[in-house]
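J.: My questions concern the predicted model and sequence given below.
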Amino acid sequence: MDIKTYCVGQSASGARSAAEGALDNLPRHGPGPAAQDRAVATPGMVITALLVPVVSVLGLVTSWSVQGIHRDWVHRQQVACRHLPLPRAEHLAAWSGPVLGLSAVAVCLLLARWVRRRCGLRLRDTRPGILAFVWALCNVPAILLELFLLWASYTSDGSGSVLGDCG
């Protein structure tokens, strides 16, 4: 994709008149004719939009790893025939899932604000913006799952850990 102009940058020829500079200081309430012919999908915007699905998936994978960490902890207790403290890695993974999930939504909101402020466009008017917005919406059930796994890591299972035949 050939990016001729940055959203608020110089024109393709590199020269700007005093009138164009004065227009940059005025608030925009919608895409004017000058904003429509400018390239919005800058490399930074594309990278930021791609961060939303990456961070969403990382949050889900990190939260799901709590199950494996807990299973290994139960197995170590059974081998040692005594109760062991919960590993710190389980707490770290349990908390990092919702943090990453919510940060993906925050990145999408900050991207929307940046596109609106710099270009006068809505996020849905750009392809990277649509990608970020759809992933942020799909991330809402993942955040609920991450919060459930966080809750499950701090609650006891009720039956207690069976240490096996340690007699």
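T.: Done, it's in. Small disclaimer: the values here were computed from a predicted structure and weren't measured. Numbering: from 1, shown residues only.
J.: What ranges does this protein have for its strands?
T.: Ranges of strands within the chain: none, based on DSSP state E.
J.: low-scoring stretches of it, by residue?
T.: Applying pLDDT under 70 to the chain flags residues 1-40, 157-167.
J.: can you pull out the helices in it?
T.: 18-24, 33-36, 43-80, 88-119, 127-154 (DSSP state H).
J.: What is the third one packed up against?
T.: It stands for helix 43-80. helix 88-119, helix 127-154 (3 or more Cβ pairs under 8 Å, 6 or more residues apart in numbering; DSSP states H and E). Just so you know, the C-beta spots here come from the backbone N, C-alpha and C atoms, and that holds for glycine as well.
J.: what's the answer for the last one, then?
T.: Here helix 127-154 touches helix 43-80, helix 88-119, going by 3+ Cβ pairs under 8 Å, 6+ apart.
J.: any idea how far L51 is from D72?
T.: Separation of L51 from D72 (Cβ to Cβ, to the nearest Å) stands at 31 Å.
J.: Counting neighbours, go ahead and name the busier of the two.
T.: L51 (18 against 13; other Cβ atoms under 10 Å).
J.: hang on, that one packs against V107?
T.: Yes - contact criterion Cβ atoms under 8 Å: L51 and V107 qualify, at 5.5 Å.
J.: if we can go back for a sec, for M45, which of the helices and strands packed on helix 43-80 is the nearest?
T.: With Cβ to Cβ, the closest approach to M45 among these belongs to helix 127-154: 5.4 Å.
J.: Would you mind getting the angle between that closest one and helix 43-80?
T.: 20 degrees (axes from the mean of the first three to the mean of the last three Cα atoms, to 10 degrees).
J.: buried set for helix 127-154?
T.: Neighbour-count burial for helix 127-154, counted by 16 or more other Cβ atoms under 10 Å, picks out 128-129, 131-133, 135-136, 139, 142-143, 145-147, 149-150, 153.
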